[in-house]
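Participant: how would this look folded up:
(4 chains)
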Amino acid sequence: MAQEVLMPKLGLTMTEGTICAWLKPDGSYVNKGDPIFEVETDKITNKVEAMDEGILKIVLPEGSTAKVTQVVGYLLAEGEEIPAEAADVAAPATATAAPQEEVKAAAVPAEPKKEPVRVRATPAAKRRARESGIDLTQVTGTGPGGRIVEADVESYLEQQKELPATLPSEGEISAPVKATPTAVKLARDLGIDLAELSQERRLTKRDVLAAALLAEEGEEERVPLAGMRKVIAQHMLESWTVAPHVTINMEVEMDRARAIRKELNADCTQEDRISYNDLIIKAAAQALTEYPALNGTIDAEEIIYHNYVHMGVAVALEDGLIVPVVRHADKKSLREVAREVKDLAQRARAERLSLDEVTGSTFTVTNLGMFGVDDFTPIINQPESAILGVGTIKERPVVVDGSIDIRLTMTLSLSFDHRLVDGSVAAEFLGRVRELLEKPYGVRPEIA
Amino acid sequence: MRQLSYSEAIREALRLEMRRDSTVFLLGEDVGQFGGCFGVTGDLYKEFGEDRVRDTPISETAIIGAAVGAAATGMRPVPEIMFCDFLTVCMDQLVNQAAKMRYMFGGKAKLPMTVRAPVGGGISAAAQHSQSLEAWFTHVPGIKVIMPSTAADAKGLLTAAIRDDNPVMFFEHKLLYPVKGEVPEGEYVVPLGRADVKREGSDVTVVATSIMVSRALEAAEKLAAEGISLEVIDPRTLVPLDEDAILASVEKTGRVVIAQEAVTRSGFSAEIAAVIAEKALDYLDAPIKRVGSKWAPIPFAGVLEQFILPGTEDIIAAVKELV
Amino acid sequence: MTGKVGIIANPASGKDIRRLVAFGSVFDNQEKVSIVRRILLGLEAAGVEEIIIMPDTYGIGERALEGLGKRKLKPRVSLLEMEIGHGATDSTLAAQKMAAMSVGAMVVLGGDGTCRAVAKGCGKVPLVPVSTGTNNVFPRMVEGTIAGLAAGAVATTGAGVIQQAKKLDIYGPEDWRDLALVDAVVTKEAFIASRALWDMDRIEAIVATRAEPDTIGLSAVAGCLSPVTPEEPAGIHLELDREEPTATVLAPIAPGLFSAVPVGRWQRLTVGEKVILKSGDKPRLLALDGEREVLVRAGEEAKIVLSASGPFVVDIGATLKRVQGEGFFNMAKNVRP
Amino acid sequence: MEKEKLVDLYRQMLRVREFETKVTELFAQGKIPGFVHLYIGEEATAVGACANLRPDDYITSTHRGHGHCLAKGGDMKLMMAELFGKESGYCKGKGGSMHIADMDMGILGANGIVGGGLGIAPGAGLSAKLRGTDQVTVCFFGDGASNQTTFHEGINLASVWKLPVIFVCENNEYGISLHQSKHQRVADVADRAVAYGIPGVVVDGNDVMAVYEAVGEAVKRARAGEGPTLIEAKTYRWRGHFEGDPTVYRSDKELAEWKERCPIARFSKHLLDMDVVTEEELDKIKAEVDTEVEESVRFAEESPLPAPEEALEDVYA
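Facilitator: Numbering: from 1, shown residues only, chains lettered A, B, ... in the order given. You can find the predicted model right below:
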């Protein structure tokens, strides 16, 4: 019996995932527990292990997106075919079953844009195909409207008897080209080889035109907007559209912070070291408890004031960014925060975060200081109400009491949602953060 | 075997049942001396007299009401409604009284009555004298519905209907009245609820009712020349329906055309189609096709009427869409 | 003269069981409406100034007016203000009220029963009774147009030919109970039930103010034996005797219904003479003018007294002849007094 | 009339009254499902009419049919059980208040369709005529039904075929909420008999003797083969059209006046006046009727509900 390989549900809020890589080739034998593909959600990337053993039959190619519990492939026994009904049952809108449960699922579009494979066959033909275990997509329909009728299945079976009874190797699987007459003519005119096009359904004029276009565009690389990129794109656009952003900047002297940091980092292991960012996170967390509006969320007609601070810390990745969450950052000691941020960042870069570690933040700190940026206008991480951007910390000339002095400074850029937060409140909050950093006794390092 | 026309066969059934059972009597408009609008009751008046072959006022509610009252009190009335179109004016007596009396009374009443009514177009009788309203009655629990397509069936089914202890609607087709066929002599009963395979075939099943049976047979003849083999099934009684016979044929051929003269929409063919879809979907090798009248009242002018009504060619066209 | 006339039309008359047990005429209310309409036109022609109509559940008066369409009547027409829906007492009450309003005449549509009800309230106002009942003696069949004309002539000229009718007063052990205009019949029935009386086997005695062979009803029995005219100051009392009848009379006791009635003894009555009814051990019912009405309980005694002081009744023919002689119909001279 | 028969008329009216009164209570308590149309106030009509009938005579009834059923000899226990929707009811719980029938007693059913029985009754009459019996059929209907097609077609057929049918119109002044004066131009439905060439009689429907007498004459006529009669009994329903009807369409005064004419009080007073019965005898009858009603309720309450699958039985014979 063919085992379905499903898109797993990897966290509370996951609804779909993108297959970023198949870790085993199509047709290879896999053992139970072998990682077989990588899933990328809007938050994280995960490896999915085989639940059983068998010959892997890939249904969805790399780069395609599948709903949770949708079938992405099969594990087959020797000589087994993909079940016929898989070819034409519509995908369930939602699913709740855990991956290990047997789930009735459906064949899946090869790419998100494409329509599901719908084999036009009569009920009798389907019954016959089911009984004889053949894949209707391999059968050519001769009935009215190109429908596969029972007789087509019968003649296919006759044909099969004449072929050697071994599993065909890859490449041999493809059936004769199925295409509409217009498609055939067009392909001939445009010099397109229909056999090179996808054969999941009868080729139409549209497919040929798409192929022609692709050929013309030549070298230009086109990749699907998918996975993390797609999610970031969506989130950024959504935030920018939903929330009226205002960004205010404030210069903070960091000499005292430098002194504190030096003191705290003396005699301490690499893991326990505290960064400026940690100090800023802790200061922001403390200030947030005093200015709940900055820690709030708009939920339809209501404002939610959270009685905790879950601090999102933006971490840049090679091909995007992710925001792991330090939960209860206001209640944790500076050192705890530092350790957690470090751990989260490391695991983020290794793509080893769980979905729950990247959701639920109430405020975010994002730091571009290491890239030499002085100030910027960060975009709020929805559904939060504000985000704090951190600029480069360096020594700058400062006018103090009428004379120029050299001080260690940085600029904090606070973007806030003006629906929820007024300018004065935001300014007071930012001032409070500065105060906590310039007079860091409020940061309470002793809890460490 | 001797040949009788459809109307002679009906009359013979009436005559034999009236001789056999003194509680059987006829009533209706012009059924007596006049012999019935289509001559079906003919000379029965002479043999049985005006008491048992009763001319009624043009008063359909009274006719059916009288039949209901008489049936509930020991008689076996056989009312005739001159055109099935006129059933609309006595629907309450049929649908709310006759059909439900037994049930409402907890099984303590018996309503043996057979309502005869001609259906069908083809005689330029226009919209109020040409309909086929059989489907309406198949929607009412408590009523049985019969549509004979041949003289022999007419005799056998009418006999069974009169002997049945329930209200039965017996729909005769006007154009069939003069059509002759072999009819067994003497007592002849065709049990209700048994379909008849009018022609065996292997490629496509045609389930046809009333006059569409003969049209289906014509189509079968023509298509045989082209190498297409039709199996023609006549359900004969719509309620109760012989589902097994229909399903068996569909399982054999995998293709089905359902032909009725009534307008297609919500016709009895829809019920047959649903039964097949529910119970024999896996045997279908093509969509179910329905043949019936187009969606308009029956018009007067012959050319219009022929356009609306389904014919042999419509059956042939439907079959060809499936093979 | 007042030129004021009242109309009392009983919507319930003419529908009783005599339609079923005999061959009573059918007088539907629409026909009464039609008659009232003709009466109104007759009254208008006679120059009446004001017409008052008894209201009723069917709305005979309103419908009569409605049917005149756009034609506006010259006389003022109004409905009497009174509560209705109480059967025969409606007619009595209407008659009382109209009498109090000094109408010059009352046109009464109904049968003997209706006239009897009106007689209890009309006082000295002359009546023009128009028969719409089932089998009537007191009111006669007369065309509404003429009835209206006559009533109008009486009211406007004061020159009507009027006679006072006789009546029978019915007394119980202590007091006056009711009256009858034509006859009081003693029956063995115990129930008023459908009121009418048609079964001769249940009848014991008949007392009548008039007895003519050209009428139908129970008084006809006496009429076929020994006639008494409405005018003469006399009545008749007869007892049925099925054992030893002295005479057997064929009489039309209901419309189309003849009966051979065995009569025992009978006697003519003079005005003021009374007939004593002793019920004995069984109760008796007295039917008055054909309707079962007064119960006489077992052991009780009732008296039936012939009286000359019944209601005043217009002689239509004589009245119209008289006013014709006085130029009533001569429009050129316009001599209406 | 003999005392026994008179007393029985009283008892029958009282049975109807007490049964219906009990139904009002049970309905209010939610023990009777659906909706019920009660006959209180009209008892004299059903009882007076049915007192002329033999067990093998027929009646067709109306949605307000409890009175007809009891008067024609229906079993009170089975009726009450049916109202409760119990298995032991007349119709095994399939019919309810509006469809009680007892074919053995010639009760061809109450009818949920106004005027429904007017179509059926001529058929029963025809049946008797064809079978050569002298059975008669009494067809009860209301003033509202006299505007239905069945009134015309049924009476026309019965009259042209001289069928032994007595059409008893219970004119209670209202077709549901509409006063008679607003639903027909005539005041006396009996007047319409003229149109069919048959006698039409108006009687006091609150006088049991008047109804008894008139229907009696009509029954005689019918048995003699002389054809149908239309009898209009003027009466009034005390309750609303159905239980729960707020009766906004009529006045309290009107109701009070009709209550003055209570058919039962009038009749019992007359029986006392005429020394036919004593107070003690009437009290005893009342007690007996009360017991019968209580027993019917107990029977209904103790009876089981029908099995759900029973709903599929009796569709066909």
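Participant: so what's the backbone phi/psi at the closest residue to chain C within chain A?
Facilitator: Residue nearest to chain C within chain A (CB to the nearest CB): residue A:301, separated by 64.0 Å. Where C-beta positions appear, they are placed from N, C-alpha and C, glycine not excepted. Main-chain dihedrals, residue A:301, degrees, to the nearest 10: phi -90, psi 10.
Participant: hey, where'd the helices end up in the stretch 201-337 of chain C?
Facilitator: Along the stretch 201-337 of chain C, counting by DSSP state H, counting those that start in this stretch, helices occupy C:219-223, C:316-325.
Participant: Low-confidence stretches in the chain?
Facilitator: Reading this off chain A. When residues are selected by pLDDT under 70, those of chain A lie in A:1, A:11-13, A:43, A:84-117, A:163-177, A:181, A:198-201, A:215-220, A:440-448.
Participant: um, chain C though
Facilitator: Checking chain C against pLDDT under 70 turns up C:1-2, C:133-135, C:332-337.
Participant: Domain map for it?
Facilitator: Per the record, chain C has its domains at C:4-165+C:311-334, C:167-307, by automatic domain parsing.
Participant: number of nearby residues for residue 305?
Facilitator: Just going to use chain A. Using other CB atoms under 10 Å in any protein chain shown, residue A:305 has 12 neighbouring residues.
Participant: should've been chain D
Facilitator: The tally of other residues near residue D:305 (other CB under 10 Å) stands at 12.
Participant: hang on, it in a helix?
Facilitator: No: Residue D:305 sits outside any helix when classified using DSSP: H, G, I helix; E, B strand; the rest coil, being coil.
Participant: ok, it to residue D:94 distance?
Facilitator: Residue D:305 sits 12 Å away from residue D:94, going by CB to CB, to the nearest Å.
Participant: contact partners of stretch A:272-285?
Facilitator: Residues outside stretch A:272-285 that contact it (CB atoms under 8 Å, 6 or more residues apart in numbering or on different chains): A:254, A:257, A:260-261, A:264-265, A:309, A:311, A:313, A:326, A:329-330, A:334-335, A:337-339, A:341, A:363, A:365, A:367, A:369, A:388, A:390, A:393, A:410, A:412, A:433, A:436-437, A:440, A:442-443.
Participant: Dump it to PDB, keeping only the CA atoms.
Facilitator: The C-alpha trace of stretch A:272-285 is given here as PDB (Å, rounded to 0.1, in the frame of the first residue of the first chain):
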ATOM      1  CA  ASP A 272      27.900  35.000  28.900                       C
ATOM      2  CA  ARG A 273      29.200  38.200  27.300                       C
ATOM      3  CA  ILE A 274      26.800  41.000  27.000                       C
ATOM      4  CA  SER A 275      26.500  43.100  23.800                       C
ATOM      5  CA  TYR A 276      25.300  46.600  23.400                       C
ATOM      6  CA  ASN A 277      22.300  45.100  21.800                       C
ATOM      7  CA  ASP A 278      21.500  43.200  24.900                       C
ATOM      8  CA  LEU A 279      21.600  46.300  26.900                       C
ATOM      9  CA  ILE A 280      19.300  48.000  24.500                       C
ATOM     10  CA  ILE A 281      16.900  45.100  24.500                       C
ATOM     11  CA  LYS A 282      16.800  45.100  28.200                       C
ATOM     12  CA  ALA A 283      16.400  48.800  28.400                       C
ATOM     13  CA  ALA A 284      13.600  48.700  25.900                       C
ATOM     14  CA  ALA A 285      11.900  45.900  27.700                       C
END
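Participant: hang on, the earlier thing: ranking the helices of the stretch 201-337 of chain C by burial, who's on top?
Facilitator: Stretch with highest mean neighbour count among the helices of the stretch 201-337 of chain C: helix C:219-223 (a mean of 28; mean count of other CB atoms under 10 Å in any protein chain shown).
Participant: Would you pull up how far it lies from the middle of the chain?
Facilitator: 17 Å (CA atoms, centre = their mean, to the nearest Å).
Participant: Need the mean per-residue confidence for stretch B:243-263.
Facilitator: Averaged across stretch B:243-263, the pLDDT comes to 97.
Participant: Tell me which residue of chain B lies closest to chain C.
Facilitator: Closest point on chain B to chain C, by CB to the nearest CB, is residue B:57, at 22.3 Å.
Participant: and that residue, what helix or strand is that in?
Facilitator: Following DSSP states H and E, one finds residue B:57 outside all helices and strands.
Participant: was I right about it contacting residue D:158?
Facilitator: No: using CB atoms under 8 Å, residue B:57 is not in contact with residue D:158, being 11.0 Å away.
Participant: Give me the more crowded residue out of the two.
Facilitator: Between residue B:57 and residue D:158, counted using other CB under 10 Å, residue D:158 has the larger neighbour count: 31 against 13.
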